[in-house]
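**Q** Need a 3D model of the following:
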Amino acid sequence: MEKKMQKLKHLLWRMGYGPRTQSWNKWMALPENAWWPKMKDDSATEPEYFDIADSAVKGLLMGIGEIGRMERRELDQAEKKRLREQSRDDLRNLNLLWLEEMTRTQAQLREKMALFWHGHFASRNINILYQQQLLHIIRQNALGNFRDLLRGVSKSAAMIAFLNNQQNKKQHPNENFAREVMELFTMGRGHYTEHDVKEAARAFTGWSFKLNGDFVFRAFDHDKDEKTVLGKSGKFDGDDIIDILLEKRETAYFIARKAYKFFVNDTLIPEERIKWLGDRFYDSDYKILRLLEDIVRSDWFYAPENMGNRIKSPIEYWVGIRRVLPMELDAPEVQLKLQHALDQTLFFPPNVAGWPGGKAWIDSSSLMLRLRIPQLIVDKGDLDVETKDDDDQQMGMRKANQRRLLSADVDWQPVLKQFSTLKEDNIISALAEYLWQTDSKVPLNVLEEYTDRHNKENHIKTAMIRLMATPEYQLC
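**A** Numbering: from 1, shown residues only. Below is the predicted model of the structure:
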């Protein structure tokens, strides 16, 4: 039973956001060979489109009643300011809505893979309309075909704007978009030359977007002459370049390596596994589910060296807490400050390469905050942390002496129901087995000394908080 429990926690953490207390017993009742099919079935539904954009933003960008005017000119300064202020507010709501979906949905596999692609196709854009469009492309194709996903993202207004391709014209080519598509989205460094970048940039000339976010190919800006990219010559356009990049097995290996680091192990990466995964991914014509299935059904996915070795990203950590401890936050917007303090704010990657992950998630400051969070929740404590001065990331929350309480009403009943039959002497060890994915160097009886043993209910509650406020809980 203990081994089965460890394997189930591993699967739920790697391919989702960890166990949810309300459904844990149902998962444990299933045979092991039913877990992965259930995860796939739960994520097979079409994702809801998160339409957060304020009507004023839609009116401004989509040009209700004045489409022609909007297509002919740039926004003036007053309109840009209005758009930025409203978009910032709407992005806050989009951030919180996606967090809720991660926490509550059964489609854990889809939303976890969407987070993976959110970092892979990193785009920092203040425009809410473009960001919600890009998020839907990612969530809609998260488990589909990488070819469709790559093409959809590459034609999104958010990505074209972020990588300056609307400035890429035949008279003055801009190489930024072409370079990042090669370096970060497909093959990776070392598999192309500067000449390939320059030629590919010419192929992407004319790729642009309308104010409402729709992709548009502006033929008068496109270089129609012959180009040579990665050994192939022709009068290529952007779609042709994407096809050429996907013809290279290096693209499949690049994605396989990144997926292995995210889902399996970010330090121990055997090359033969990457080649095996990449070849099968390539031969499937880039079916994302095939790649994930090959990972999960391998004999090394549950190997001891691949369990309990990953530092949870801030999003994984926080969503995981909310799934273990069902709660209603008194002020959900405090989650924005929490993300910023832990250095992972959704929709605001540090750069086009996304978040580095691994040990970069932890420093002395962020670790101390992580260890405080479980107690702050139950104590309704003040999230009194200093954060970097970035008002876009803080989304309007940067106000002098503004207090943010990490205050929530925790529904303890599912937890108490789950563990109420335990004997008093087994409570902390059973909770540790449920919460931790790694062995501890600290004897459990040391933590036991800091629990409230006046009654079983208090014992369970305080033991749960103590165990979550440990370095061991930072790993999955």
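
**Q** going forward, measure contacts between C-alpha atoms and count neighbours the same way
**A** Noted.

**Q** contacting residues for the closest residue in space to residue 200 that isn't next to it in sequence?
**A** Among residues not flanking residue 200 along the chain, residue 178 sits closest, at 5.8 Å (CA to CA, 6 or more residues apart in numbering). When contacts are counted by CA atoms under 8 Å, 6 or more residues apart in numbering, residue 178 touches 197, 198, 200, 201, 204.

**Q** Most neighbours of all these, which one?
**A** Greatest neighbour count in those, by other CA atoms under 10 Å, goes to residue 204: 30 neighbours.

**Q** where's the residue nearest the centre of the chain, which helix or strand?
**A** Nearest to the mean C-alpha position of the chain, by CA atoms, centre = their mean, lies residue 115 at 2.0 Å. Using DSSP states H and E, residue 115 sits within helix 108-120.

**Q** Just the mean pLDDT for that helix, thanks.
**A** For helix 108-120, mean pLDDT rounds to 98.

**Q** that older thread, tell me the pLDDT of the residue nearest to residue 200.
**A** At residue 178, the pLDDT value in this model is 98.

**Q** quick one: it from residue 184, how far?
**A** From residue 178 across to residue 184, the span is 10 Å (CA to CA, to the nearest Å).

**Q** Quick one: distance of the host helix or strand of residue 90 to the chain centre.
**A** Using DSSP H and E, residue 90 sits in helix 77-104. Here the centre of helix 77-104 is set off from its chain's centre by 17 Å, with CA atoms, centre = their mean, to the nearest Å.

**Q** which other helices and strands contact that helix?
**A** Counting contacts by 3 or more CA pairs under 8 Å, 6 or more residues apart in numbering; DSSP states H and E, helix 77-104 packs against helix 55-62, helix 108-120, helix 128-141, helix 314-324, helix 334-341.

**Q** quick one: the third one to chain centroid distance?
**A** Translated: helix 128-141. 13 Å.

**Q** That helix vs helix 108-120, what angle?
**A** When axes from the mean of the first three to the mean of the last three CA atoms, to 10 degrees is applied, the directions of helix 128-141 and helix 108-120 differ by 130 degrees.

**Q** Extract the CA atoms of helix 128-141 and return them as CSV.
**A** Coordinates of each C-alpha in helix 128-141 appear next as CSV, following Å, rounded to 0.1, in the frame of the first residue of the first chain:
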residue,chain,number,x,y,z
ILE,A,128,-5.4,41.5,-22.1
LEU,A,129,-7.2,40.6,-25.4
TYR,A,130,-4.0,39.2,-26.9
GLN,A,131,-3.0,37.3,-23.7
GLN,A,132,-6.3,35.6,-23.3
GLN,A,133,-6.2,34.6,-26.9
LEU,A,134,-2.7,33.1,-26.5
LEU,A,135,-3.7,31.3,-23.3
HIS,A,136,-6.6,29.7,-25.1
ILE,A,137,-4.4,28.5,-28.0
ILE,A,138,-2.1,26.9,-25.4
ARG,A,139,-4.8,25.3,-23.4
GLN,A,140,-6.7,24.2,-26.4
ASN,A,141,-3.7,22.5,-28.0
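
**Q** Could you pull up phi and psi at residue 147?
**A** phi -60, psi -50 (degrees, to the nearest 10).

**Q** For it, report the pLDDT, please.
**A** 98.

**Q** Ok, residue 387 next?
**A** Note on residue 387: pLDDT of 66.

**Q** swap in residue 58?
**A** On pLDDT, residue 58 comes in at 77.

**Q** Show me the strands in the protein, by range?
**A** 207-209, 215-217, 227-229, 232-234, 327-329, 381-382, 405-406, 408-410 (DSSP state E).

**Q** Can you convert those into a markdown table and add a column each for distance to residue 343 and mean pLDDT?
**A** Listed next are the strands of the chain as a markdown table, based on distance: least, CA to CA, whole Å; pLDDT from 0 to 100:
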| stretch | distance to residue 343 | mean pLDDT |
| --- | --- | --- |
| strand 207-209 | 31 | 97 |
| strand 215-217 | 32 | 97 |
| strand 227-229 | 38 | 98 |
| strand 232-234 | 42 | 98 |
| strand 327-329 | 21 | 95 |
| strand 381-382 | 19 | 78 |
| strand 405-406 | 17 | 88 |
| strand 408-410 | 22 | 94 |
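
**Q** No further queries at this time; thank you.
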